[in-house]
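**Student:** Here you go, sequence then predicted model.
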Amino acid sequence: MLLGVAGLTPGGCATVDQGITRLVRDHGFRALQLRLSDPVNTNPATVERVQSAFKFAGLALGQTVG
């Protein structure tokens, strides 16, 4: 059994885009946890894309793990 948005967000930050954040928001959630598999070496373009996707959907970043 998956709780919250676990079933809506496949993988880590590499898969988060506006489609994912919109889906999460459309389900009524206001925050999303972000999983970083390699926080030190995450590509800056990926960080910018994910930031943009969160802003687009009006989601707060609940926490990061990784």
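**Tutor:** Looks like it arrived, so ask away.
**Student:** Does Val47 lie in a helix or a strand, and which?
**Tutor:** Assigned by DSSP states H and E, Val47 belongs to helix 44-57.
**Student:** Now do that helix: distance to the chain's middle.
**Tutor:** 9 Å (Cα atoms, centre = their mean, to the nearest Å).
**Student:** repeat for stretch 51-66
**Tutor:** With Cα atoms, centre = their mean, you get 5 Å for stretch 51-66.
**Student:** Okay, buried residues for that stretch please.
**Tutor:** Within stretch 51-66, the residues that qualify as buried are Ala53, Phe54, Ala57, Leu59, counting by 16 or more other Cβ atoms under 10 Å. Quick note: C-beta positions are derived from backbone N, CA and C, even for glycine.
**Student:** which one of the residues you listed is nearest Pro10?
**Tutor:** When the buried residues of stretch 51-66 are compared for distance to Pro10 (Cβ to Cβ), Ala53 wins out at 14.0 Å.
**Student:** per-residue pLDDT, that closest one?
**Tutor:** Note on Ala53: pLDDT of 97.
**Student:** And the helices in this structure?
**Tutor:** Using DSSP state H, the helices found in the chain span residues 18-26, 44-57.
**Student:** which one of those lies closest to Gly7?
**Tutor:** Closest among the helices of the chain, using Cβ to Cβ: helix 18-26, at 10.5 Å.
**Student:** Run the angle between the closest one and helix 44-57 for me.
**Tutor:** Here the directions of helix 18-26 and helix 44-57 differ by 30 degrees (axes from the mean of the first three to the mean of the last three Cα atoms, to 10 degrees).
**Student:** Could you give me the buried positions within helix 18-26?
**Tutor:** For helix 18-26, by 16+ other Cβ under 10 Å, it's Ile20, Thr21, Val24, Arg25.
**Student:** what does stretch 36-52 give?
**Tutor:** Buried residues in stretch 36-52 (16+ other Cβ under 10 Å): Leu36, Thr42, Arg49, Val50.
**Student:** Please work out which residues outside it touch it.
**Tutor:** Gly12, Cys13, Ala14, Val16, Asp17, Gln18, Leu34, Thr64, Val65, Gly66 (Cβ atoms under 8 Å, 6 or more residues apart in numbering).
**Student:** what's the first-to-last distance across that stretch?
**Tutor:** Stretch 36-52 has an end-to-end distance of 16 Å (criterion: Cα to Cα, to the nearest Å).
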